[in-house]
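Visitor: Could you look at this predicted model? Sequence included:
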Amino acid sequence: MTDTLDDLDVEGTTVGVRIDVNSPIGDDGMLADDARLRAHVDTLSELIERGGRVAVLAHQGRPGGDDFVTLESHADRLSELLDHPVDYVDATFSAAAREAVSNLENGDCVVLENTRFYSEEYMEFEPERAARTHLVTGLEPVLDAYVNDAFAAAHRSQPSLVGFPTVLPGYAGRVMEAELDTLGSIEETPEPRIYVLGGAKVSDSIDVAWSVLEKGLADHVLTAGVVGNVFLIADGVDLGDASSDFIYDQGYWDEIDRAADLLDAYGEQVALPRDVAVERDGQRHELGINALPPQDDEAAMDIGSSTLAYYERLLEDAGTVILNGPAGVFEDEAFEMGTRRLYNAATDVETSIVGGGDTASALRQLGVEGFSHVSTGGGAALRMLTAEPLPAVTALENGPTQQQPADD
Ligand SMILES: Nc1ncnc2c1ncn2[C@@H]1O[C@H](COP(=O)(O)OP(=O)(O)OP(=O)(O)O)[C@@H](O)[C@H]1O
Ligand SMILES: O=C(O)[C@H](O)COP(=O)(O)O
């Protein structure tokens, strides 16, 4: 178990706080959604109120993407959310950054520049090697402690996530703590346990399905979304050209064989859609599996009503349900029903856990509430839901392994 903010003597301590505010960015290059910033308000206000000197580290986007922008608008929005001044400096570990951090007084907060503006931060390292990168060696001398609240990035072994806790005392922030409490004890949740795998990340979902079935964590795996379509094809269903081309274009064609192998090994526990919804004459039109393939240009955009009735029945007996990924193209009103009904049914299960950024925004858009836990993480949550360790959490648990430099 990692130390938390309860173990940190905050007053007068200069703390590097890694958060995950990787967010949608508008055409103007500014923050377009503040959900991920809101998640970190508790951790940051606690550190500020307890007299910490807070230096915030975070990434935004990936190099080359339109959302690879500075953190200036994030800092402005954080200031509003915290109702407290938050400075921003366009440097991450240079002399200017060190000066900004060294000048912090108790209760001050500064956001440093996007960590991924610096190339080593977009690489993955072993923790000891990450501790020798420019980011960590540059900033570590002006920090007393490191707090990791970036659960959603904890599956990455990047310097800001695994390097700092190797050379500084490390603590889990409140978001990290809550996520680890819930997702780290998946084996202790009530049974029977059902995993619902939808969305478009087919290879990740098949990894999860293999892992949870092999480990005996899942009693059933229900498939939906593009994942469900891949399993239908693997089961010999002709979904038509439009869905097949989509799967091929997304690079998931090879996954069909893996899905078929999974069905061979665990077919009794894997539930497949019994019908799908396509667009016909501008409207939702449902087709049973026996009525497939659809017409030429019709793609399977959602699970249909028979599938929903079948999945809802299975969920009635579940003790725990773990969901990742929407059941269909929820962004289109005609195809939001599968996601809305399936996720609504899941809220009636004793323990209901949801992971995934798109999933969380689907739920907000559809007004579905009442889960036991909605994770801030997509890839990180998926990895934890298979009871696999996360590199950033392991680095926090292991603690500093290197000699601290002597004070001048
Ligand atoms: N049948 C379908 N055909 C095409 N796209 C689909 C279908 N079902 C779901 N999708 C798309 O899947 C996307 C979300 O999938 P994704 O796997 O990225 O979700 P997530 O796990 O919640 O997100 P993340 O892991 O990025 O946080 C949505 O944009 C939705 O439109
Ligand atoms: O949005 C996320 O899932 C995390 O911030 C990690 O981002 P990445 O997938 O670009 O590493």
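Guide: Sure, I can see it. Ligands and ions are numbered 1, 2, ... in the order given.
Visitor: Next, give phi and psi for Gly16.
Guide: The phi and psi values for Gly16, taken as degrees, to the nearest 10, are phi -90, psi 120.
Visitor: Next up, the contacts around whichever residue of the stretch 251-400 of the chain sits closest to ligand 2.
Guide: Using C-beta to the nearest ligand atom, the single residue of the stretch 251-400 of the chain nearest to ligand 2 is Gly378, 4.6 Å away. Where C-beta positions appear, they are placed from N, C-alpha and C, glycine not excepted. Contacts for Gly378 were tallied using C-beta atoms under 8 Å, 6 or more residues apart in numbering; they are Ala152, Asn324, Gly355, Gly356, Gly357, Asp358, Thr359.
Visitor: Okay, and which of those residues map to strands?
Guide: Asn324, Gly355 (DSSP state E).
Visitor: and ligand 1, which of the contacts of Gly378 contact it?
Guide: Among the contacts of Gly378, the residues within reach of ligand 1 (C-beta under 6 Å from any ligand atom) are Asn324, Gly356, Gly357, Asp358, Thr359.
Visitor: I'd like those residues as TSV, with neighbour count appended.
Guide: Shown next, in TSV, are the ones next to ligand 1 among the contacts of Gly378 (neighbours: other C-beta atoms under 10 Å):
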residue	neighbour count
Asn324	27
Gly356	24
Gly357	20
Asp358	17
Thr359	24
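Visitor: Next SSE downstream of the worst-scoring helix or strand of the chain on mean pLDDT?
Guide: Here the helix or strand of the chain ranked lowest by mean pLDDT, DSSP states H and E is helix 357-366, holding a mean of 82. Following helix 357-366 in sequence order, the next helix or strand is strand 373-374 (DSSP states H and E).
Visitor: Farthest-apart pair in the ones next to ligand 1 among the contacts of Gly378, please.
Guide: Based on C-beta to C-beta, the longest span within the ones next to ligand 1 among the contacts of Gly378 runs between Asn324 and Gly357 and measures 10.4 Å.
Visitor: re the thing from before, would you turn the ones next to ligand 1 among the contacts of Gly378 into CSV with distance to Ser372?
Guide: What follows is the ones next to ligand 1 among the contacts of Gly378, written out as CSV (distance: C-beta to C-beta, whole Å):
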residue, distance to Ser372
Asn324, 15
Gly356, 16
Gly357, 19
Asp358, 20
Thr359, 15
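Visitor: Tell me which residues touch the closest residue to ligand 1 within the stretch 1-150 of the chain, please.
Guide: As assessed by C-beta to the nearest ligand atom, ligand 1 sits closest to Asn22 within the stretch 1-150 of the chain, at 10.0 Å. Residues in contact with Asn22 (C-beta under 8 Å, 6+ apart) are Arg36, Ala58, His59, Gln60, Gly61, Ala152, Ala153.
Visitor: The residue of the stretch 151-300 of the chain at minimum distance from ligand 1 - nearest residue in space that isn't next to it in sequence?
Guide: For the stretch 151-300 of the chain and ligand 1, the shortest gap (C-beta to the nearest ligand atom) falls at Gly199, measuring 2.6 Å. Using C-beta to C-beta, 6 or more residues apart in numbering and skipping residues adjacent in sequence, the residue nearest Gly199 is Gly325, 2.1 Å away.
Visitor: ok, and what's touching stretch 297-306?
Guide: With C-beta under 8 Å, 6+ apart, stretch 297-306 has contacts from 224, 228-229, 232, 239-243, 246, 273-280, 284-288, 294, 311, 327-329, 332, 334-339, 342.
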